[in-house]
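S.K.: give me a 3D structure for the following:
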Amino acid sequence: MSGTNQRIDGKRLWDSLMAMAEIGATPKGGVKRLTLSDVDKKGRDTFKGWCEALGLTVRVDAIGNMFARREGRDPKRLPVLLGSHLDSQPTGGKFDGALGVIAGLEVIRTLHDLNIVTEAPIELINWTDEEGSRFGHSLMGSGTWAGIYTLEKTYGLKDVDGVSVSEALDQIGYKGPNPAKPFPADAYFELHIEQGPILEKEGKQIGVVTGAQAQVWYDAVITGQDSHAGTTPPSARKDALVAAAKVITLVDDLMRARGEDGRGTVGFLQIAAPSRNVVPGEVRFSVEFRHPDDAQIQGLAKTFPEQAKALVEATGCKLDLTELFVIPAQPFDPACVDLVRQATKRLGFSSREIISGAGHDAVYVARSVPTAMIFTPCKDGLSHNEAESILPEEAEAGCQVLFEAVVARANRAL
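M.R.: Numbers count the residues shown, from 1 in each chain. The predicted structure follows:
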């Protein structure tokens, strides 16, 4: 590895990742750090302590986003932001989100060790509830901050036990006094595991992320008629599950028609009153499509509902399809992406340009602040799983690129 002599401490980075992974550790080697839970509070408190030990000023906004600021030489310069999230899925891995936050901390620790003061301030962020697994709304903290969701709407979201976001923030003491809205910033950089197989498959050390895919999400309810499995002949059946199966096949067909860039998934399916000897009368399921090209998603949003409705009505059932949202493709800032590209090349890492298949906080931050992302490989492309795994050297490489890009941006000539 060539390039700068300013090196992050790979062992310290890994040790801190493992220390954070102990908070909410699961028996199978993953983590359960659900947002705004007591376990999340412990993770936040630990992170805050690490930041304050470096002399950083930590502030919290109204949705619980945490901002740890290291002052720069020029107080007039806008801050360079970096970070990710510390919350996890119920059976999550050690690295999803946490890598970006802890690597950001390592960037600042290295600057501290080397006694380097950047021209611009640097702010490290832990975004609230990226995963959406507790309150059903992913990218909640960054989305509220970016103005995608109102604070009032976000506060009113409830978990399965009826606890609201507002109540949960109060319970763990992280409803901050600062407004949850964008402030002037120079750039935002986020390091993340790929959560897919491409980098590992191609033997690339770094993914230079140029943007994120467009998405459209639906909730579907198919209503047929419950009837006796033994006495209802084919001509009298209104089988909601059979109708759902036809729509699910359509989703898969539409995905495959778009080649390797296509994405179409039904990840949730529920029979209203399941019984082995009853023809299902109601089925609920999710549908989502993703693609790097806005036009593809816009086309699907127009044609899929009509095609699905025709398939369902041919079975004698009724389809109620609710479009939840359409997220346009989000290109990242060319200058910030180029800093990642240059750092990767200077350090001698193998790389490829890549579109993010997953949603990340960076997607919403990019609407207000010039943004770029860095991907590291993960074993078998596996994520949202306790077996999620990366190598120490992969974490170190990603963090070193993050260091180079952030410092270059913070010291750029204006």
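S.K.: in a helix, Asp253, correct?
M.R.: Yes - under DSSP: H, G, I helix; E, B strand; the rest coil, Asp253 falls within a helix.
S.K.: check what pLDDT it gets.
M.R.: Looking at Asp253, its pLDDT is 98.
S.K.: any idea how many residues pack against it?
M.R.: By other Cβ atoms under 10 Å, 12 other residues sit near Asp253. C-beta here means a position set from N, CA and C on the backbone, and glycine is covered the same way.
S.K.: list the contacts of the most centrally placed residue in the chain.
M.R.: Most central in the chain under Cα atoms, centre = their mean is His360, positioned 3.3 Å from the mean C-alpha point. By Cβ atoms under 8 Å, 6 or more residues apart in numbering, the contact list for His360 reads Ser84, Glu130, Leu139, Glu190, His192, Ala212, Met373.
S.K.: for the fourth one, give its distance to Ala120.
M.R.: Put plainly, it is Glu190. Using Cβ to Cβ, to the nearest Å, Glu190 is found at 17 Å from Ala120.
S.K.: for the two, indicate the residue with more neighbours.
M.R.: Glu190 (33 against 26).
S.K.: helix or strand: which one has that one?
M.R.: Glu190 is part of strand 187-193, with elements assigned from DSSP states H and E.
S.K.: quick one: which of the contacts of His360 is the most crowded by neighbours?
M.R.: Glu190 (33 neighbours).
S.K.: give the closest residue to that one in space, chain neighbours not counted.
M.R.: The spatially closest residue to Glu190, leaving aside those adjacent along the chain, is Ala362, at 4.4 Å (Cβ to Cβ, 6 or more residues apart in numbering).
S.K.: cool, and Lys309?
M.R.: Per Cβ to Cβ, 6+ apart, closest to Lys309 is Leu319, 5.1 Å.
S.K.: I'd like the next helix or strand past the helix or strand harbouring the one you found.
M.R.: Taking DSSP H and E as the criterion, Leu319 maps to strand 318-327. Once strand 318-327 ends, the next helix or strand along the chain (criterion: DSSP H and E) is strand 330-331.
S.K.: helices or strands next to that next one in the packing?
M.R.: On a contact count with 3 or more Cβ pairs under 8 Å, 6 or more residues apart in numbering; DSSP states H and E, strand 330-331 meets strand 206-212.
S.K.: mean confidence for the strand it packs on?
M.R.: Here the average pLDDT along strand 206-212 is 96.
S.K.: next helix or strand past it?
M.R.: Next element after strand 206-212 (DSSP H and E): strand 214-223.
S.K.: how far off strand 318-327 does that next one point, in degrees?
M.R.: Going by axes from the mean of the first three to the mean of the last three Cα atoms, to 10 degrees, strand 214-223 is angled at 160 degrees with respect to strand 318-327.
S.K.: partners of strand 214-223 in the sheet?
M.R.: Strand 214-223 has the following strand partners under DSSP bridges: strand 282-291 (antiparallel), strand 318-327 (antiparallel).
S.K.: deepest in the core, which of those strands is it.
M.R.: When the strands paired with strand 214-223 are scored by mean count of other Cβ atoms under 10 Å, the highest mean neighbour count falls to strand 282-291 (a mean of 22).
S.K.: average pLDDT for that strand, rounded please.
M.R.: 96.
S.K.: also stretch 339-349?
M.R.: 98.
S.K.: and it, how far out from the chain's middle?
M.R.: 24 Å (Cα atoms, centre = their mean, to the nearest Å).
S.K.: how about that stretch: buried residues?
M.R.: Leu339, Val340, Arg341, Ala343, Thr344, Leu347, Phe349 (16 or more other Cβ atoms under 10 Å).
S.K.: out of those residues, list just those in helices.
M.R.: Counting by DSSP state H, the buried residues of stretch 339-349 place Leu339, Val340, Arg341, Ala343, Thr344, Leu347 in helices.
S.K.: out of these, which comes closest to Ile172?
M.R.: Val340 (34.1 Å; Cβ to Cβ).
S.K.: where does the nearest residue to Asn277 once chain neighbours are set aside fall, phi/psi-wise?
M.R.: Take Asn277 and drop its neighbours on the chain: the residue closest to it by Cβ to Cβ, 6+ apart is Ala229, 4.4 Å away. Dihedral pair for Ala229: phi -70, psi -30, per degrees, to the nearest 10.
S.K.: let me see the contact set for Ala229.
M.R.: Arg276, Asn277, Val278, Val279.
S.K.: okay, it and Pro177: tell me how far apart.
M.R.: 60 Å.
S.K.: and if you look at Lys153?
M.R.: From Lys153 to Pro177 the distance is 20 Å (Cβ to Cβ).
S.K.: same check on Ile193?
M.R.: 33 Å.
S.K.: so for these two, which residue has more residues nearby?
M.R.: Using other Cβ under 10 Å, the more surrounded residue of Ile193 and Pro177 is Ile193, with 31 against 8.
S.K.: and the strands in the stretch 251-400 of the chain?
M.R.: Along the stretch 251-400 of the chain, the segments classed as strands by DSSP state E, counting those that start in this stretch run 263-265, 269-271, 278-279, 282-291, 318-327, 330-331, 351-356, 371-376.
S.K.: correction: the previous question concerned the stretch 1-150 of the chain.
M.R.: Using DSSP E, counting those that start in this stretch, strands in the stretch 1-150 of the chain cover 57-60, 66-70, 80-85, 122-127.
S.K.: quick check: bridge partners of the residue nearest to Lys309?
M.R.: Here Leu319, judged by DSSP bridges, has bridge partners Ile222.
S.K.: before we move on, what about Thr265?
M.R.: Here Thr265, judged by DSSP bridges, has bridge partners Glu288.
S.K.: what number of residues lie near it?
M.R.: Residues near Thr265, counting by other Cβ under 10 Å, number 15.
S.K.: hmm, Phe285 and it touching each other?
M.R.: No - checked against Cβ atoms under 8 Å, the pair Thr265 and Phe285 is beyond contact range at 10.5 Å.
S.K.: is the residue nearest to Lys309 in contact with Glu313, as I believe?
M.R.: Yes - between Leu319 and Glu313 there is a contact under Cβ under 8 Å: 7.3 Å.
S.K.: sec struct for Gly176, please.
M.R.: Per three-state DSSP, Gly176 ends up coil.
S.K.: mind listing the residues bridging to the nearest residue to it once chain neighbours are set aside?
M.R.: Once flanking residues are discounted, Gly176 sits nearest to Val60: 2.9 Å by Cβ to Cβ, 6+ apart. Listed beta-bridge partners, Val60: Met66 (assigned using DSSP bridges).
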